[in-house]
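Asker: Fold the following and give me the result.
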Amino acid sequence: MPNAFDFTASPFDCLDADEQRIVRDSVDIAYFRDGDTILDPGIEPSHLFVVIKGYVSQFEGDEPVATYGPSDCFDGRSLMAGRVSSRFVATEEVVAYELAKAAVRELISRNATFGALLFSDLSHKLGALAERHSQRELQALTMSRVGEAYLRPAHFVAGDSGIVEAASLMHAQRTSSVLVRDGERLGIFTNTGLQRAVVDGRPLATLAVKDFATFPLAAIAPGARLFDALALMIQHQVHRLVVADGARIVGLLEQLDLLSFLSNHSYLITAQIVQAQSLDALRAAAERITRFVALLYRGGTRVSQIGKLVQALNGKLCERAWQLIAPPALAADSCLFVMGSEGRGEQLLKTDQDNGLIVRDGAPVSDADVAAACERFSAALRDFGYPDCPGRIMVSNPAWRRSASEFAATVREWLLRPDPESLMALAIFVDARAVAGDASLLASVRAGLQGLVAADDSLLGRFASAIDSFPDASGGWWNRLLLIGEQDRQTLDLKKAAIFPIVHGVRSLALREELAATSTAERLDGLVAAGRLPADFATSLLDSLHFLMGLKLKAGLAEIDTGRPVSGGVPTDRLTSLERDLLKDALAVVKRFKTLVRHQFHLEAA
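Answerer: As a prediction, the model looks like this:
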């Protein structure tokens, strides 16, 4: 009975002590030589295999469909079905655990999460994982430090200052409190103290602020945990704490800000953006967005929710930057829009700029003023951490800033001359979303596009054919991907391998149905409602997309943590066994979807 069984690998990491004992009591070790067939189609399996050393390939007929390495398990599905449907072959010497069928059945009956992770489809696996994440979410967030939360600036008055002076300072600084220095004492004067002074009855001009302040202060260090800050507020029955690093006052932690941080502190960044009076202030808000994304992801927030919040924050950031930069006449008579993943609400970390500008015909602005504003806007986004688009799809490029009539003519030109460059521009523009100015300008151009494209089957076919722009993530390529050794580190471009085919395939189907939605999720809902996609398959597509986005985000955050630029690649040697299993499922969904899109647009004969 081996005692070294790895209970940190999925799905065994969800077992409790009693369930782990069942595994230890029911497991043995098997050895297979290179080329040995471990399981053959049609036989009745008796064990679940967990690879200790070596690699096993799974074949459907003669086609390799998956590879299993150390800590991977197979074949749970056939074990429960009672018959093996694929052939499993050792591709080098294999040492594996054999877990008896009866033990597997008992574990499934005792632990639903184990069963879901072992042999359910992608959606059920991700659902089980989400439940586990949600149980840990509050714990993860409350382990954050006080210094990571939003701290309000501290403002001071002398203890002998009058109530009117203190209230005037609070009004000018838009704050609900000021700190009061009274000799060696440090206290706080709040709206509650102001109310007490008003009902006191004496003339406010005769009252000293120290008489209505609270002494001593409830203070906490910036390195303390937020959970401790919340406990301190409850203990002292206060709504704010002074954050002090030794004798230095860092700021004030408000209860509202703390609770918002623990649940969702995006509104704080929004407040920073809306109230910003300079591009420098906006840059500070932009820096908080990436930290916010990291906090949410590590706290277990779903990728889809993060994407929506980032879309809203980026939209506000662009809107405020444009308001600060553009002359009032241009801001009123134009529509600034974003495209790509930002337009779809699927951007997580900062990516290349993809934006454009439509100016109302006859607007009282000169071409020089428009050009100057657009150059400043692109430079500002660059300063905020959003690099220039390599294809120059941005407002600083005259091709992407035009009058409404010129933009409409440009779109018609894309349709009349659908070469690869025009089709790329069309695909990008289809995801456009207004972020500042008059949104009706963009809506008018889009309305003219929808009907023209949907009526042209030939154009739709050429548009949809881009799903085959990159190699298919299957067969020999996939096996090479998973045969990872110490000397053979590989990086997977998930955008090319899987994310783009989902996004563009759904975009193509939505364009044919004349759906106005820009997000992949909303487009899938529309396609299901129109009877163009089965609901369960649409769910699998969306789950796959969000899982793939999560893998990219995890890799990007790891690069940021180590001071490297975000590359967009996912190191495959750092995937957990569960992630590899889910990646196989997701790529299988992508493969099915590409086949469906080819059939829908008659691309097989192309």
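Asker: quick one: the residue of the chain most remote from its centre from residue 196, how far?
Answerer: Most distant from the centre of the chain: residue 202, at 56.5 Å, with distances by CA atoms, centre = their mean. Separation of residue 202 from residue 196 (CB to CB, to the nearest Å): 11 Å. For the C-beta atoms, the positions are set from N, CA and C on the backbone; glycine is no exception.
Asker: one step back: am I right that the residue farthest from the centre of the chain is in a helix?
Answerer: No. Residue 202 is assigned coil when assessed by DSSP: H, G, I helix; E, B strand; the rest coil, not a helix.
Asker: dump the residue contacts of it.
Answerer: With CB atoms under 8 Å, 6 or more residues apart in numbering as the criterion, no residue contacts residue 202.
Asker: And it, how close does it get to residue 211?
Answerer: Separation of residue 202 from residue 211 (CB to CB): 10 Å.
Asker: Can you show me the strands along the stretch 451-600 of the chain?
Answerer: 491-492, 570-571 (DSSP state E, counting those that start in this stretch).
Asker: Return stretch 86-104 as CSV; C-alpha atoms alone will do.
Answerer: Extracted in CSV, the C-alpha atoms of stretch 86-104 (Å, rounded to 0.1, in the frame of the first residue of the first chain):
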residue,chain,number,x,y,z
SER,A,86,-10.3,4.5,-26.6
ARG,A,87,-6.9,2.8,-26.8
PHE,A,88,-4.3,3.9,-24.2
VAL,A,89,-0.6,3.1,-25.1
ALA,A,90,2.6,3.7,-23.1
THR,A,91,4.8,6.0,-25.2
GLU,A,92,7.8,5.3,-22.9
GLU,A,93,8.2,3.3,-19.7
VAL,A,94,5.3,4.0,-17.4
VAL,A,95,4.9,3.6,-13.7
ALA,A,96,1.3,4.3,-12.5
TYR,A,97,-0.9,3.9,-9.5
GLU,A,98,-3.9,1.6,-10.0
LEU,A,99,-6.9,2.6,-7.9
ALA,A,100,-9.6,-0.1,-7.6
LYS,A,101,-13.0,0.6,-9.3
ALA,A,102,-14.9,0.0,-6.0
ALA,A,103,-12.8,2.6,-4.3
VAL,A,104,-13.5,5.1,-7.1
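Asker: Show me how far that stretch is from its chain's centre.
Answerer: Here stretch 86-104 is found 36 Å from its chain centre; the criterion is CA atoms, centre = their mean, to the nearest Å.
Asker: ok so, going back, next up, phi/psi of the residue farthest from the centre of the chain, please.
Answerer: phi -80, psi 160 (degrees, to the nearest 10).
Asker: now it: how far from residue 85?
Answerer: 88 Å.
Asker: Quick one: residues contacting residue 297.
Answerer: 303, 306, 348, 550, 553, 554, 557.
Asker: again, but for residue 20
Answerer: 5, 7, 12.
Asker: Surely the last one is in contact with residue 23?
Answerer: Yes. Under the criterion of CB atoms under 8 Å, residue 12 lies in contact with residue 23, with a separation of 6.8 Å.
Asker: Give the residues shared as contacts by those two.
Answerer: residue 5.
Asker: where along the stretch 451-600 of the chain do the helices fall?
Answerer: 457-464, 475-482, 494, 500-512, 520-529, 535-561, 577-600 (DSSP state H, counting those that start in this stretch).
Asker: what's the angle between the longest one and helix 500-512?
Answerer: Going back to what we said before, that points to helix 535-561. With axes from the mean of the first three to the mean of the last three CA atoms, to 10 degrees applied, the angle from helix 535-561 to helix 500-512 works out at 130 degrees.
Asker: Mind listing what's buried along helix 535-561?
Answerer: Residues 537-557, 559-560 are the ones in helix 535-561 that count as buried (16 or more other CB atoms under 10 Å).
Asker: re the thing from before, check the strands of the stretch 451-600 of the chain for me: which has the lowest mean pLDDT.
Answerer: Note on the strands of the stretch 451-600 of the chain: strand 491-492 shows the lowest mean pLDDT, a mean of 80.
Asker: Walk me through which strands that strand pairs with, and which way each runs.
Answerer: Strand pairing for strand 491-492, determined by DSSP bridges: strand 570-571 (antiparallel).
Asker: Please enumerate residues in contact with the strand it pairs with?
Answerer: With contact meaning CB under 8 Å, 6+ apart, strand 570-571 is reached by 489, 490, 491, 492, 493, 494, 551, 552, 554, 555.
Asker: Tell me how far that strand lies from the chain's centre.
Answerer: 17 Å.
Asker: can you count the residues close to residue 301?
Answerer: 19 (other CB atoms under 10 Å).
Asker: now it: how far from residue 511?
Answerer: Relative to residue 511, residue 301 is positioned 31 Å away (CB to CB).
Asker: show me where the stretch 1-150 of the chain has helices.
Answerer: 17-26, 76-81, 101-110, 112-119, 122-142.
Asker: which helices and strands sit right next to the third one?
Answerer: Just to be clear, that refers to helix 101-110. Contacts defined by 3 or more CB pairs under 8 Å, 6 or more residues apart in numbering; DSSP states H and E place helix 101-110 against helix 17-26, strand 47-53, helix 76-81, helix 112-119.
Asker: Okay, buried residues for that helix please.
Answerer: 101, 103, 104, 107, 108.
Asker: The second one: what's it in contact with?
Answerer: Read that as residue 103. 22, 23, 25, 26, 27.
Asker: Over to the last one?
Answerer: Contact partners of residue 108, counting by CB under 8 Å, 6+ apart, are 80, 114, 115, 118.
Asker: what sits against the second one?
Answerer: In this case it means residue 114. Counted by CB under 8 Å, 6+ apart, residue 114 has contacts 11, 12, 14, 15, 19, 107, 108.
Asker: try the last one
Answerer: For residue 118, the set of contacting residues under the criterion of CB under 8 Å, 6+ apart consists of 11, 48, 73, 76, 104, 108.
Asker: how close does it get to residue 511?
Answerer: For residue 118, the distance to residue 511 - CB to CB - is 39 Å.
Asker: The helix or strand hosting residue 436 - contacts with which helices or strands?
Answerer: Residue 436 is part of strand 433-437, with elements assigned from DSSP states H and E. Packing contacts for strand 433-437, counted by 3+ CB pairs under 8 Å, 6+ apart, involve helix 303-325, helix 328-332, strand 334-338, helix 340-344, helix 439-454.
Asker: What helices and strands are in contact with the first one?
Answerer: Using 3+ CB pairs under 8 Å, 6+ apart, the elements in contact with helix 303-325 are helix 266-275, helix 279-298, strand 334-338, helix 367-384, strand 433-437, helix 535-561.
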